[in-house]
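Visitor: Sequence isn't available, so here's the structure alone:
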């Protein structure tokens with residue numbers, strides 16, 4: 001996936017990427033492996049829907065743009081986001097020890113990601129709203 005990355009003055013970085021949603025969906029088998037390994041998801045029905053998409057991709061087929069964004073929405077629903085949402089912003093790895101704020105969006109057949117990170121950790125206030133705004137702007141540009 002094409003990626004742009006800029007260093008920040010404090011040693012961190014900002015990165016942004018956009019790609020056709022069907023290209024993002026090629027990562028579903030790996031994403032599913034990580035989700036299942038986390039043991040944080042208890043929604044078996046939601047996981048099964050993702051597994052279905054993962055099996056399609058692992059079998060060498062591609063999901064079309066609509067199917068790919070639907071898989072993205074299912075993935076964010078498993079994180080507790082309301083059904084039908086097309087975006088999510090997370091603090092990683094935790095709110096207590098933040099080293100990144102990462103946002104993803106999938107709509108109109110396009111997947112977009114924006115992240116602000118620093119291996120030294122992020123200071124308060126965390127740039128959650130800035131990442132959300134940058135994500136929306138980058139996605140608008142990517143979808144024309």
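Guide: The structure has been received and is ready for your questions. Nothing here was measured: the structure is a model prediction, and the numbers come from that model.
Visitor: give me the low-pLDDT residue ranges for this protein?
Guide: Along the chain, segments meeting pLDDT under 70 span 1-2.
Visitor: can you map out the strands along it?
Guide: Applying DSSP state E to the chain gives strands spanning 3-7, 13-20, 87-93, 98-107, 110-117.
Visitor: you'd agree residue 50 is up against residue 35?
Guide: Yes: taking contacts as Cβ atoms under 8 Å, residue 50 lies within contact range of residue 35: 7.1 Å. Placement of C-beta: from N, CA and C, glycine included.
Visitor: hey, what's in contact with both of those two?
Guide: Between them, residue 50 and residue 35 share these contacting residues under Cβ atoms under 8 Å, 6 or more residues apart in numbering: 75, 78.
Visitor: which residues of this structure fall in helices?
Guide: For the chain, helices defined by DSSP state H occupy the ranges 21-24, 28-38, 44-58, 65-77, 128-143.
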